[in-house]
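K.L.:
no sequence for this one, just the structure:
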């Protein structure tokens, strides 16, 4: 359910509700190995992208899961890789980088996200 809500580009409040209903789904992979966070990061930029990423990572709500920032898809990409490839703004990249402080930011992501 969380995957579909994110795929459809629904508002962050709907994503938060889906996470409250199915909190374990924050780190569940689909058939392509994507978590909801990976779907959000690899989707076209939307005005609510940062809010959706925040909800998916927000552990203080008891529903998000920052561990999703370290989960790769079947192609070996991290969510921050996908965000860089899609040209997401600095807010999205900052959220992903802060989710897992030990995470190494691939050079392409640093160029795409942090130098816009």
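P.N.:
Structure received. Since this is a predicted model, take the numbers as computed values, not measurements.
K.L.:
Please state the offset of stretch 91-103 from the chain centre?
P.N.:
Here stretch 91-103 is found 10 Å from its chain centre; the criterion is Cα atoms, centre = their mean, to the nearest Å.
K.L.:
now stretch 72-90
P.N.:
Mean-position distance between stretch 72-90 and its chain equals 9 Å (Cα atoms, centre = their mean).
K.L.:
Without its sequence neighbours, what residue ends up closest to residue 54?
P.N.:
residue 95 (5.8 Å; Cβ to Cβ, 6 or more residues apart in numbering). (Each C-beta comes from the backbone N, C-alpha and C, glycine too.)
K.L.:
what's near enough to touch the one you found?
P.N.:
Residue 95 makes contacts with 50, 53-54, 57, as judged by Cβ atoms under 8 Å, 6 or more residues apart in numbering.
K.L.:
Just among these, which is most surrounded?
P.N.:
residue 53 (30 neighbours; other Cβ atoms under 10 Å).
K.L.:
which SSE is that one in?
P.N.:
helix 49-57 (DSSP states H and E).
K.L.:
Please pull out the lowest mean pLDDT helix or strand from the protein.
P.N.:
helix 107-114 (a mean of 52; mean pLDDT, DSSP states H and E).
K.L.:
For the residue lying closest to residue 37 once chain neighbours are set aside, the count of nearby residues, please.
P.N.:
The shortest distance from residue 37 to any non-neighbouring residue, by Cβ to Cβ, 6+ apart, is to residue 68 (4.0 Å). Residue 68 has 25 neighbours, counted by other Cβ under 10 Å.
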